[in-house]
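**Student:** got a structure for you, letters missing:
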C-alpha cells in the first residue's frame, strides 16, 4: 500500500474551517430566526430591528465585547486541557473560585491601596483561586486516575455551594437583604478603555490571554509537551515526558484562566458578587472552544460571535411590544453550536471525497 | 464439472489514500487449502476482508458455488459458510469463551449452561482443550486463536479464512495448527491461508496465490514450485541484502543486565532472572516468539517500566531506578515495537516528532521556547539523509507510509542513542525495500561503534544481522550463542522452551 | 426517620431510571452526555403533556417522546456523524435549556400565577404497604417508583441473559468483533441511545409530574449528571447503579429534610446541598479498577 504524498489540500485547512464554520453559523441563525415564527413574529423584522439597534448604538455595540470578555477565558480554559486530551468542564466552578477571590480582595483592600497595585493583586489571586480548583482536578486525575470529566463537573456544584455559603454569611451585604455582596470601591474597578461603552481593561486582558495561550501551546517546549501528551500519552511517556505532571500543570493553567474571568466580571462589570452570577459562561465556553476548533486566536472571534448573539437576544427582548423572551439566547447559541458540530462532519466528508478523487485520478500509476 | 467453492473475479478496492487491490482474481475448490502469499502490504488481507464482507469492493464480483454472491457484511458471508480469523483476534476479552462463540448467533433468551455444553462438544471433536467458561482475556494467545476457530466451527463454516495465523505462535504451536488445517480440509472444507512465510506455504497449501502491490503476481501449484520461485514472484525489486561483516572484536561493556526480574500485579514473572552484557560495536540479537518478555525487557532498559529486582548498568553506571529522561540523556535510543503507539505522534509534524525526546533541553529549546528554524533545518537534513518520502519538516507524521514513519523514528533514535540503540522488531509490517534500508542503518550503527540490541521474531533477520543471539522464552534467556553456532531447528526448540541440549 | 427513607426511595426513582439508561448506552460504547438535556426535556414534556390534557398518562408519554427526540438528535450526531460525544452533549444541554424556556413562553405566554398540575398519586399496594417500617417505605409510592422496581431485575436479566444484552455488551467492548459476528454496531448503539432517551425522559418527568407539579428551567439542576456519575460509580451494571442511586437518593432526601426544618446550626445548608456532588468526587477518586467498557466514547468507524 502506498500513501499519496500530495497534501496540498491540507494546506487549505484553515480556509476550509472558516468557510464551513461561517456557513454553519449562518444556517444556525436562519433556523433560530424561524423559531420566532412560533411567537408569531416576523423574523426578518425582529432580527433587522435588533441588528439595527446594535449597530447604531455605540453602547450596545460595546456590550458585545463586554459579554465576549469572560467567554474568552472560559473557552480558553476548556481548549487548554482539550489540547492535553483532558476534559475540563468545570470552568464555571473555577470562574466562581476566581470571583470569590476577586470580591474578597476588592472588598477588603479596595480604596485602601491604589487600583494599579490592587488590580494586579486581584488578577493573581483570581488566577490562583481558579488554578487551585483546577490543580485539584488534575491531581485527582494524575494520582488516582479519577475521571476528570466527572470530577470537574461536580467541582462546579461544590464551589457554587461554597460561594452561596459565603454570600449568606461573611460576604453578605451590610443591609443583609439579598444574597449578594456590597459593591466594591470604585478604586478597584477595571478602568474603562472606550468612553461611551462598558468595555474595560478586561477585554485587553482576554485578548492578551488568548495570544499568550497560543504562544505557550505552539512556541514553547512546555506547550509542546502538553500537546504531545494530549495526542499520544504513550509516546510522550517513552520520551521522558511525565504525563501525570502535565495533567496537573494543564489543569492548573486551565483553571487559572477560568478564574481570571472572575476578575473581569467582578472588577470590570458587576462590581459586586451575587447568587447565580453569570451561571452559564462555563458551558458557553465549551461551545466557543468547539466553534474555534480549540484554537486560541479563533476563540477571540468565536467569543465575540457569542457575545454578539447574546446582545442580539437581549436587544430583541427590549424591543417594545414584542416580548421576546431572553431564553432565545440559549436557543440561538445551542442551535448554532449543533450546526457547527454537524459542519465538522461535512468538512471531514468533503475532504475525504477530495482525497479519493485525487487517488482515482492517479489510479493506475501505483 | 463442479464449480469452485469460491471464485474472486476482477476485484478492485481503493481506500481514501491507498489503492489496496487492483483486478484480483483467483478461485478455491472444495477440500482445497489455498495460500495467499505476499509481502506485508501486498493486499492479501484486504481481498479477504472483501470476501468476508468487512470491506466492499469498488469493482469486480465474487462467486460462491458458481453463483454471484452479494456479500455486504459478515453476516452475509456467514450465510455462505464463510468464516474469517483475523490477524487481530475479534474476541471480546471480558466475556467467556462460550459468550464469544455464540455472539451474534443466538436470539432471545440465553441458556448459558446449554451453550457451554454445546461449545465444549465442538471443541472436543477437533481435540481442542478449552475452558469454555473462562474469560477469554485470561487465556494464552494460542488458546485464544482456538476460540476464534471454534467460532467458525460453531457456525458450520465450510470456507475458513485465516490471516497470518502463525504470527503469534511458537513453531510447535504452528505445527498443531497446520495439522488442524489439514484435518479440516480433509473433511471437505476449504481453507484460505494468508501468510508471508514460505515454509508454511510449502507444507500445507495445495495451491498458492502470490500477491504483490495489490495485484495477483501468479498462481502456482505447491508441488510444482519451490521457495526460490515464490520468493522471486513476491519480491518487488532486486535489492541488495544487508551483509553482516565478519565478527569483530568485542568492545567495552556498554550495557549489563544482572538477574533482572519483573513481575506483574498478580505476581507473574514477566522477566525471570535474566542476565547478559552488550558490548560496543556489537549487535546483540534477541530471538523468541513475541510475548515472551522481549517487550518488558526493552521497556526496562529504556526506563518506562522498572525491575522488581536485579540491576541494569549502563556505561559503568547503575541506571536501574533512573527515569526515562535520565536514560535518554545518558545516550540510550529506543525504537519501540509499536511505533504508532509509543514512538511517534501521528497528528504532529515531522519536526515535532524529532523534538519529542529533546523537549527538556538541547539544541532546539532556548529559555523554554522552541527554536523552530534550527529544528526544521535538522529535520530537513534527516529527511534527505534517510530518503524519507515527505513534503517537508512540517508534514504530518500520519501522512507518511509505514516504512517512512519508521525511518523518522529510526533517525531520531539513532541520534539520541549515542552509545546504545534498542530496536524492538524494527521491520515489522514493512515492505521489503524499507526492511533492507533499515537493516543497512542498523549495521552502520554497529560500525560506528555503538552497542545495538535487536529484538526480532523473524529468525532470518536475527541471523542476517546479529553477532550474538539470545533466545527468550517465558521471561528467561534460554541461552546466548554466537551467530552460526545453532541451526534454525535448534533455535526453534529453544524458542518453544525446550532445552535442546538436555533433550538430546 | 421512615419519612426520610420513604423520601429517599422516592428521590432515587429518577436517578435509577436515568443511571440504568446510561448503563445501557455506555455498555454499547455511547456516553449519553446529553442526559441533563434529556432529563430537562422529559420534565418539560411531562409537564406540558399533563397540563394540556389533564392526563398524567399522556404527560408520561409526551415525556418519553421528548426524551427520545432529544436522544435522536444526540445519536444522529454522535453515532452516524461520529462527532465527539462530550462536545455534542454540551451543545444539546445548552439547547435544551433554551428550548424548554422558549417554548414554555410560546405555549403559555407570561402567566400571572405559576402553572400547576396535580402530581402522580401514591398508590399503596394492598397488604404489602401495611407491613411495619418497610411497608410505607417501599409500597406506598407512585407508579414511576414501582416501575423503577421492575426496571432493576429486568435490566439486569436483559443485559446478562439475552442475546440483545450480549450484543450490547460486545458493542462497547469490541465493536469490531461484534461487527464481525454480524451485529450492526451502529444500529445497536443508535437504538440503545434512543431507549436511554425514553428512560431518561421518563426519569426527568418525575420531577414535574411526580414531585413538584410545576416546571422551572432549573428543575433538573445537575441531576442528569448525577445519574451519569452513578453509572460510572456503579461499575456499568444495573446492580451497581441501584446501590449508587440509593446513596444519592438518601443524600437528597436528607438535604430536603434539613432544608425544610431550617437546617442544623453546625452544618451549613449549602454543605448539605453540595453533599451528593462531594460524594461523587470522593467516590470517583476512591474507586479504582473501573470495569469501563473498552471503547466507551469512541465512535465506531468502519472502513468501506
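**Tutor:** Noted; the coordinates are in hand. These figures come from a predicted structure and were not determined experimentally.

**Student:** Show me which positions of stretch A:194-205 end up buried.
**Tutor:** Across stretch A:194-205, burial judged by 16 or more other C-beta atoms under 10 Å in any protein chain shown covers A:197, A:198, A:199, A:200, A:201, A:202, A:203, A:205. Placement of C-beta: from N, CA and C, glycine included.

**Student:** Below-threshold pLDDT in chain C: ranges please.
**Tutor:** Along chain C, the model assigns pLDDT under 70 to residues C:1-2, C:262-266, C:288-290, C:303-304.

**Student:** what are the ranges of the strands in it?
**Tutor:** Ranges of strands in chain C, per DSSP state E, are C:123-124, C:140-141.

**Student:** Let me see the ranges of the helices in the chain.
**Tutor:** Looking at chain A here, since you left the chain open. Taking DSSP state H, the helices of chain A run over residues A:8-11, A:13-35, A:43-56, A:58-83, A:91-109, A:115-144, A:148-168, A:201-219, A:221-231, A:233-238, A:243-263, A:281-291, A:296-318, A:328-362.

**Student:** wait, I meant chain C there
**Tutor:** Assigned by DSSP H, chain C shows helices spanning C:2-27, C:35-53, C:56-75, C:85-108, C:134-139, C:143-161, C:163-173, C:175-180, C:185-207, C:223-233, C:238-260, C:269-286.

**Student:** Including distance to chain B, could the ones you listed go into CSV?
**Tutor:** Listed next are the helices of chain C as CSV, based on distance: least, C-beta to the nearest C-beta, whole Å:
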stretch, distance to chain B
helix C:2-27, 11
helix C:35-53, 24
helix C:56-75, 21
helix C:85-108, 17
helix C:134-139, 29
helix C:143-161, 6
helix C:163-173, 4
helix C:175-180, 4
helix C:185-207, 11
helix C:223-233, 17
helix C:238-260, 15
helix C:269-286, 19
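
**Student:** Domain boundaries for chain A, per the record?
**Tutor:** Taking automatic domain parsing as the reference, chain A has its domains at A:16-34+A:43-53+A:329-366, A:67-324.

**Student:** Lowest average confidence across the ones you listed, which one?
**Tutor:** The weakest mean pLDDT among the domains of chain A belongs to domain A:16-34+A:43-53+A:329-366, with a mean of 83.

**Student:** does chain C sit close to it?
**Tutor:** Yes. Applying C-beta under 8 Å from any C-beta of the partner chain, one finds domain A:16-34+A:43-53+A:329-366 touching chain C at A:329-335, A:337-338, A:341-342, A:344-345.

**Student:** Just the buried ones from these, in ChimeraX syntax?
**Tutor:** Selecting the buried subset of these in ChimeraX, with 16+ other C-beta under 10 Å as the burial test, is done by:
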select /A:329,330,331,332,333,334,335,337,338,341,342,344
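
**Student:** Find the pair from the residues of domain A:16-34+A:43-53+A:329-366 next to chain C with maximum spatial separation.
**Tutor:** Taking C-beta to C-beta as the measure, these span a maximum distance of 25.7 Å, between A:329 and A:345.

**Student:** you'd agree residue B:273 is in a helix?
**Tutor:** No. Looking at residue B:273 with DSSP: H, G, I helix; E, B strand; the rest coil, it is strand, so not inside a helix.

**Student:** Give me the contacts around stretch B:161-177.
**Tutor:** With contact meaning C-beta atoms under 8 Å, 6 or more residues apart in numbering or on different chains, stretch B:161-177 is reached by B:44-45, B:48, B:51-52, B:82-87, B:141-142, B:145, B:181, B:191-197, B:200, B:289-291, B:457, B:492, B:495-497.

**Student:** Can you name the residue of chain B nearest to chain A?
**Tutor:** Closest to chain A within chain B is residue B:325: 3.2 Å, counting by C-beta to the nearest C-beta.

**Student:** mind checking the SS state of that residue?
**Tutor:** Recorded secondary structure, residue B:325: helix (three-state DSSP).

**Student:** what's the burial count for the nearest residue to it once chain neighbours are set aside?
**Tutor:** Setting aside the residues directly before and after it, residue B:325 is nearest to residue A:240 in space (C-beta to C-beta, 6 or more residues apart in numbering or on different chains), at 3.2 Å. Neighbour count of residue A:240, defined by other C-beta atoms under 10 Å in any protein chain shown: 22.

**Student:** how about residue A:240, what does it touch?
**Tutor:** So residue A:240 contacts B:303, B:323, B:324, B:325, B:326, B:327, B:328, B:357, B:360 (C-beta under 8 Å, 6+ apart).

**Student:** what does residue A:277 give?
**Tutor:** By C-beta under 8 Å, 6+ apart, the contact set of residue A:277 is A:96, A:99, A:265, A:270.

**Student:** that older thread, quick one, phi psi at the residue nearest to residue B:325?
**Tutor:** Here is the backbone geometry of residue A:240 (degrees, to the nearest 10): phi 80, psi 10.

**Student:** circling back: hmm, which of the contacts of residue A:277 are the buried ones?
**Tutor:** For these, buried by 16+ other C-beta under 10 Å: A:96, A:99, A:265, A:270.

**Student:** per-residue confidence at residue B:369?
**Tutor:** For residue B:369, the predicted pLDDT is 93.

**Student:** is it true that it touches residue A:220?
**Tutor:** Yes. Here residue B:369 reaches residue A:220: they are 5.4 Å apart, a contact under C-beta atoms under 8 Å.

**Student:** In terms of neighbours, single out the busier of those two.
**Tutor:** residue A:220 (17 against 14).

**Student:** Go ahead and confirm that one touches residue B:368.
**Tutor:** Yes. Contact criterion C-beta under 8 Å: residue A:220 and residue B:368 qualify, at 5.1 Å.

**Student:** Indicate which one of the strands of chain C is closest to chain A.
**Tutor:** Evaluated with C-beta to the nearest C-beta, those place strand C:140-141 nearest to chain A, the distance being 27.2 Å.

**Student:** Residue A:153 is in contact with residue C:225, isn't it?
**Tutor:** Yes. With contact defined as C-beta under 8 Å, residue A:153 counts as touching residue C:225 (5.7 Å).

**Student:** Which residue ranges of the stretch 251-400 of chain B form helices?
**Tutor:** With DSSP state H, counting those that start in this stretch, the ranges of helices along the stretch 251-400 of chain B come out as B:294-302, B:324-330, B:350-355, B:372-385.

**Student:** Dump these to JSON lines, plus mean pLDDT.
**Tutor:** Rendered in JSON lines, the data for the helices of the stretch 251-400 of chain B read as follows (pLDDT from 0 to 100):
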{"stretch": "helix B:294-302", "mean pLDDT": "94"}
{"stretch": "helix B:324-330", "mean pLDDT": "93"}
{"stretch": "helix B:350-355", "mean pLDDT": "94"}
{"stretch": "helix B:372-385", "mean pLDDT": "93"}
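
**Student:** what residues are up against residue B:334?
**Tutor:** Residue B:334 makes contacts with A:238, B:298, B:301, B:302, B:413, B:417, B:421, B:422, B:424, as judged by C-beta under 8 Å, 6+ apart.

**Student:** Pull up the residues of the stretch 351-500 of chain B that are close to chain A.
**Tutor:** Within the stretch 351-500 of chain B, the positions near chain A by C-beta under 8 Å from any C-beta are B:352, B:355-357, B:359-360, B:365, B:368-370, B:372, B:389-391, B:395-396, B:399-401.

**Student:** what do you get if the cut-off is 7 Å, keeping everything else the same?
**Tutor:** Neighbours of chain A within the stretch 351-500 of chain B, by C-beta under 7 Å from any C-beta of the partner chain: B:352, B:355-357, B:359, B:365, B:368-370, B:389-391, B:395, B:399-401.

**Student:** Now which of those residues would you call buried?
**Tutor:** Among these, those scoring as buried are B:352, B:355-357, B:359, B:365, B:370, B:389-391, B:395, B:399-401 (criterion: 16+ other C-beta under 10 Å).

**Student:** Can you tell me which of the residues you listed is nearest residue B:78?
**Tutor:** Minimum distance to residue B:78 across these is 33.8 Å, recorded for residue B:401 (C-beta to C-beta).

**Student:** Per-residue pLDDT of that closest one, please?
**Tutor:** Note on residue B:401: pLDDT of 79.
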